[in-house]
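Novice: just need the structure, nothing else, for what follows:
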Amino acid sequence: MTKTYEELITELKEIVRKIEDSGTSLEEMIRLYEQGTALIRECEERLADAEVKITQLGREP
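Specialist: Just a heads-up that it's a prediction; the model follows:
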């Protein structure tokens, strides 16, 4: 099942919280960073798709 944009953002916020936690190991931070960058790319793609759709709707008669 595909996650919603809002769910992706919530997951990204949780990753940031864990990275900022002083108890997180360097290895875990790196893993979380990689996860976070993948989530950011997915969010950016969804926003770009939404922008295209909105632009197309604005052009329809």
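Novice: mind listing what's buried in the helix or strand containing residue 6?
Specialist: Secondary structure assignment for residue 6, by DSSP states H and E: helix 5-20. Buried residues in helix 5-20, counting neighbours by 16 or more other C-beta atoms under 10 Å, are found at 8, 12, 15, 18. Yep, even glycine has a C-beta here, placed from its N, CA and C like the rest.
Novice: so what touches it?
Specialist: By C-beta atoms under 8 Å, 6 or more residues apart in numbering, the residues outside helix 5-20 that reach it are 3, 24, 28-29, 32-33, 35-36, 39-40, 42-43, 46-47.
Novice: try it again with 10 Å
Specialist: Residues outside helix 5-20 that contact it (C-beta atoms under 10 Å, 6 or more residues apart in numbering): 2-4, 24, 28-40, 42-43, 46-47, 50.
Novice: can you redo the buried residues of helix 5-20 as a markdown table with distance to residue 54 and pLDDT?
Specialist: Shown next, in a markdown table, are the buried residues of helix 5-20 (distance: C-beta to C-beta, whole Å; pLDDT from 0 to 100):
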| residue | distance to residue 54 | pLDDT |
| --- | --- | --- |
| 8 | 19 | 97 |
| 12 | 23 | 98 |
| 15 | 28 | 98 |
| 18 | 33 | 96 |
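Novice: list just the nearest of the residues you listed to residue 57.
Specialist: Closest approach between these and residue 57, by C-beta to C-beta: residue 8, at 23.1 Å.
Novice: returning to what we had before: in helices, which of the contacts of helix 5-20 appear?
Specialist: If you go by DSSP state H, these have 28-40, 42-43, 46-47, 50 in helices.
Novice: now which of those would you call buried?
Specialist: The buried subset of the ones in helices among the contacts of helix 5-20 - by 16+ other C-beta under 10 Å - is 32, 36, 39.
Novice: enumerate every residue touching residue 31.
Specialist: 15, 18, 24-25.
Novice: could you check how far it is from residue 52?
Specialist: Distance, residue 31 to residue 52, using C-beta to C-beta, to the nearest Å: 33 Å.
Novice: same check, this time on residue 28
Specialist: 37 Å.
Novice: now do residue 34
Specialist: The value you get for residue 34 to residue 52, if C-beta to C-beta is used, is 28 Å.
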